[in-house]
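Trainee: Build me a model from this:
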Amino acid sequence: MIRRLTAIVEREGEGYVALCPEVDVASQGASVVEARDNLAEAVALFFEVAPGEEVARRLRGEVYVTQIEVAVG
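Mentor: Model prediction:
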């Protein structure tokens, strides 16, 4: 079964950190693509080895990524 999940990637120092908020799994890489690919591998491994109860506890049904505007200063 294939499931589409969210990958949020942001720069951290000289590299990038990627987070999948639906299952709270993170990874990193030297580029955006590497961080995303490493995250996909980490999430796949999570689904392979985590007990069903842990997957059910972590798996969120919907995640929305949007932007907000706030006054600064």
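Trainee: backbone phi and psi for the residue minimising distance to the centre of the chain, please?
Mentor: With distances taken as CA atoms, centre = their mean, Cys20 lies nearest the centre of the chain, 1.5 Å away. Dihedral angles of Cys20 (phi, psi; degrees, to the nearest 10) stand at phi -110, psi 100.
Trainee: and what of Val55?
Mentor: phi -60, psi -50.
Trainee: That one against Val23, yeah?
Mentor: Yes - counting by CB atoms under 8 Å, Val55 touches Val23, with 7.5 Å between them. Backbone N, C-alpha and C define where each C-beta goes, glycine included.
Trainee: Next up, the contacts around the residue nearest to the centre of the chain.
Mentor: 5-8, 26, 39, 42-43 (CB atoms under 8 Å, 6 or more residues apart in numbering).
Trainee: By neighbours, which of those wins?
Mentor: Counting neighbours by other CB atoms under 10 Å, Leu39 leads those with 24 neighbours.
Trainee: Which residue is the nearest non-sequential neighbour of that residue?
Mentor: Using CB to CB, 6 or more residues apart in numbering and skipping residues adjacent in sequence, the residue nearest Leu39 is Ala18, 3.8 Å away.
Trainee: Let's verify the one you found: helix, strand, or coil?
Mentor: Secondary structure state of Ala18, per DSSP: H, G, I helix; E, B strand; the rest coil, is strand.
Trainee: where's it relative to Ala56, distance?
Mentor: Per CB to CB, to the nearest Å, Ala18 is found 23 Å from Ala56.
Trainee: Show the contacting residues for the residue lying closest to Thr6 once chain neighbours are set aside.
Mentor: Counting by CB to CB, 6+ apart, the nearest residue to Thr6 once its immediate chain neighbours are dropped is Val63, at 5.0 Å. By CB under 8 Å, 6+ apart, the contact set of Val63 is 6, 21-22.
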